[in-house]
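1. for reference, the sequence and a predicted model appear below.
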Amino acid sequence: MTDKLMIGDAFERFKAEYEAEGQRYHCAEREYYSTGSIIFNVAATTQAGGAIILAGAFPRYVLHAAPMQTAQLFAYKVGDAMQVANTFTANGTASRVADISDTNVLRAYETNDEDFAVRGIGFSIKSLRIEFTPGGSAYTTIGLPADFSTVITTGSGYLDDPGSHIMPPEIDSPLLLQDQLGRAISKRLRVREVWDNRASDDIALARRMGPAGSESYLKALGAPSTTNSLRLDPGLMWRRPNSKFDTRFNLECSLQEDIWTIVSWPQALVAAGAAFGTLLRVHVDYQVILVGHGFYYPSANA
């Protein structure tokens, strides 16, 4: 009796539904992914620009990520502005516009014309964006391309700086595994299901989720493999568009407490004697990956 009342595995339930239809269908491994952001602002101090100036040392800044920053993942599609994902950049563009590296969703909240049995979930850091006010000579005067100068100052694009020439070394140095802030975020980021605009169950804090992709042993939360994800039992059933229910889905990711850190500010890539500039904020962009199987009927080309 207990077995009959127990909700079955999402994969098996979809399989049974398609078998009952008596039509040929496809079943393939799939992943859906979406990107959100946590913003670290420079905390105010009594010194100009918020910097902590010590004799003989680089300037230092106190970075603060305020709690209850919330990103709605899978609530935007490729080509949409990403305000709902908390990617706002005050000094740069109004928001990032999603490309295929941010999400593979082609319609906000919906699958790509298939039923998707979600069997696992992963979490990883995509990259970092920074905003600062340039000081001294313009970067173009020392030979840097104008588009690169824009990216490194306005937060409109990603900066991977493992040598820490521009990014504060405490957050982008390979000696510190390059995602220190990401690990701090993962311990405080609440991930919650939202179905048809109604919030439902918590899934977990992001710290429980593996990267669901290849990473080095130094950086992976567990074995660095594509199967390293948090298994969801009995899974989630994200139904294809035009179904009666459970078609609109998103993940609500919210930071649950303050994160504080102190970083030093490098003095490089500027003309001799010129100030590097004033740090404004750091964006840590993360990605949540859903892994499972897609069920769909063949098209004329399949």
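-> Alright, I've got the coordinates.
2. need the next SSE after the helix or strand residue 71 falls within, C-terminal direction.
-> Assigned by DSSP states H and E, residue 71 belongs to strand 70-73. Sequence-wise, the next helix or strand downstream of strand 70-73 (DSSP H and E) is strand 115-134.
3. hmm, back to that, now the strand holding residue 71: buried residues?
-> Within strand 70-73, the residues that qualify as buried are 71, 72, 73, counting by 16 or more other CB atoms under 10 Å. C-beta here means a position set from N, CA and C on the backbone, and glycine is covered the same way.
4. flag the shaky bits of this structure, pLDDT-wise.
-> Along the chain, segments meeting pLDDT under 70 span 1-7, 48-49, 90-94, 135-143, 173-179, 214-227, 267-276, 300-302.
5. wait, isn't residue 209 in contact with residue 230?
-> Yes. At 4.5 Å, residue 209 counts as touching residue 230 under the criterion of CB atoms under 8 Å.
6. between the two, who's got more neighbours?
-> residue 209 (24 against 20; other CB atoms under 10 Å).
7. for the more buried one, give its distance to residue 180.
-> 18 Å (CB to CB, to the nearest Å).
8. before we move on, the earlier item: put the alpha carbons of the strand holding residue 71 into PDB.
-> Provided in PDB are the C-alpha atoms of strand 70-73 (Å, rounded to 0.1, in the frame of the first residue of the first chain):
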ATOM      1  CA  THR A  70      17.600  38.000  -4.700                       C
ATOM      2  CA  ALA A  71      18.000  36.600  -8.200                       C
ATOM      3  CA  GLN A  72      15.200  34.900 -10.100                       C
ATOM      4  CA  LEU A  73      17.000  32.300 -12.200                       C
END
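9. and the strands in the chain?
-> Shown for the chain, the strands assigned by DSSP state E span residues 26-42, 60-65, 70-73, 115-134, 189-195, 198-205, 230-238, 249-255, 259-264, 277-296.
10. tell me the angle of the fifth one relative to strand 230-238?
-> Compare the direction of strand 189-195 with that of strand 230-238 by axes from the mean of the first three to the mean of the last three CA atoms, to 10 degrees and you get 20 degrees.
11. repeat that for the second one.
-> Strand 60-65 and strand 230-238 are oriented at 50 degrees to each other (the same axes, to 10 degrees).
12. output strand 60-65 as PDB, nothing but the C-alphas.
-> Extracted in PDB, the C-alpha atoms of strand 60-65 (Å, rounded to 0.1, in the frame of the first residue of the first chain):
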ATOM      1  CA  ARG A  60      42.500  48.600   1.100                       C
ATOM      2  CA  TYR A  61      38.700  48.500   0.800                       C
ATOM      3  CA  VAL A  62      36.000  46.900   2.900                       C
ATOM      4  CA  LEU A  63      33.600  45.000   0.700                       C
ATOM      5  CA  HIS A  64      30.000  44.300   1.900                       C
ATOM      6  CA  ALA A  65      27.400  42.000   0.300                       C
END
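13. what is in contact with residue 209 and residue 230 at once?
-> 121, 122 (CB atoms under 8 Å, 6 or more residues apart in numbering).
14. for the strand holding residue 71, enumerate the helices and strands it packs against.
-> Here strand 70-73 touches strand 26-42, strand 249-255, going by 3 or more CB pairs under 8 Å, 6 or more residues apart in numbering; DSSP states H and E.
15. who does the first one pair up with?
-> Looking back up the chat, that one is strand 26-42. On the basis of DSSP bridges, the sheet neighbours of strand 26-42 come out as strand 60-65 (antiparallel), strand 277-296 (antiparallel).
16. I'd like to know which of the ones you listed lies nearest to residue 43.
-> Ranking these by proximity to residue 43 (CB to CB) places strand 60-65 first, at 4.2 Å.
17. and the closest one, how far from the chain's centre?
-> 21 Å (CA atoms, centre = their mean, to the nearest Å).
18. go on, stretch 55-66?
-> 25 Å.
19. got the buried residues for it?
-> 58, 59, 60, 61, 62, 63, 64, 65.
20. what's around the closest residue to the fifth one other than its chain neighbours, how many residues?
-> Spelled out, it's residue 62. Distances taken as CB to CB, 6 or more residues apart in numbering put residue 43 closest to residue 62, at 4.2 Å, once the chain neighbours are dropped. Per other CB under 10 Å, the neighbour tally for residue 43 reads 12.
21. done for today, thanks.
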